[in-house]
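> compute the structure for the input listed below.
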Amino acid sequence: MMFDPHLAPAALQQCLRERPNDPLVVCYCALWCDTCKQYRQQFEALSTQWPNHVFIWADIEENPEWLGDEDVENFPTILVQEADGGNLFFGTQLPHIGHLERLLNHLQQAAPGQTQAGPPPLRDLAGV
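The predicted structure is shown next:
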């Protein structure tokens, strides 16, 4: 299941409370972006294949706070964040869902490690 903090903030907050240990997979997008419109359906479909992750579709104009001090220059920009708020990946990907799927598989099999770059812990922003 995919959540949109602009359209359903209460549903997202409830999910984050019920699933405190699940990593977050965030796609930063913009309503005007044609690439995002095409990617959204694939992103939502991928969310059903990763039930132990929380997938979030964050419009950078409707929810700029979800970026913290970071900027998005290209779409889709993806964030994978551990439950404790550590960022495992933050960057642009080609708009082919297979790239994100390979990234998630790699992160699942890799030794734990975090990057310093990326937005702050999003669970805090969601009020959880």
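
> can you point me to the longest helix in this protein?
What stands out as the longest helix in the chain, according to DSSP state H, is helix 34-49.

> which SS class is the residue nearest to the spatial centre of the chain?
Nearest to the geometric centre of the chain sits Val26, at 0.8 Å (Cα atoms, centre = their mean). Following DSSP: H, G, I helix; E, B strand; the rest coil, we place Val26 in the strand state.

> surely it meets Leu122?
Yes - counting by Cβ atoms under 8 Å, Val26 touches Leu122, with 6.8 Å between them. Any C-beta I mention is one placed from the backbone N, CA and C, and that applies to glycine too.

> list the residues that contact both of those two?
56, 66, 79, 81 (Cβ atoms under 8 Å, 6 or more residues apart in numbering).

> state the paired neighbours of the helix or strand hosting the first one in the sheet, together with their directions.
In the assignment (DSSP states H and E), Ile56 maps to strand 54-59. Strands flanking strand 54-59 in the sheet, each with its direction: strand 2-3 (parallel), strand 24-29 (parallel) (DSSP bridges).

> quick check: angle from it to helix 34-49?
170 degrees (axes from the mean of the first three to the mean of the last three Cα atoms, to 10 degrees).

> so for strand 54-59, mean pLDDT?
What strand 54-59 shows for mean pLDDT is 97.

> try stretch 15-25
95.

> buried sites along it?
15-16, 19, 22-25 (16 or more other Cβ atoms under 10 Å).

> ends of it, how far apart?
13 Å (Cα to Cα, to the nearest Å).

> just stretch 39-58 next, same as before
13 Å.

> got a list of contacts for the longest helix of the chain?
With Cβ under 8 Å, 6+ apart, helix 34-49 has contacts from 1-2, 25, 27, 29-30, 53, 55, 57, 75-76, 95, 97, 100-101.

> returning to that earlier point: mind checking how far the strand holding Ile56 is from the chain centre?
Its chain's C-alpha centre lies 5 Å from the corresponding centre of strand 54-59 when counted by Cα atoms, centre = their mean, to the nearest Å.
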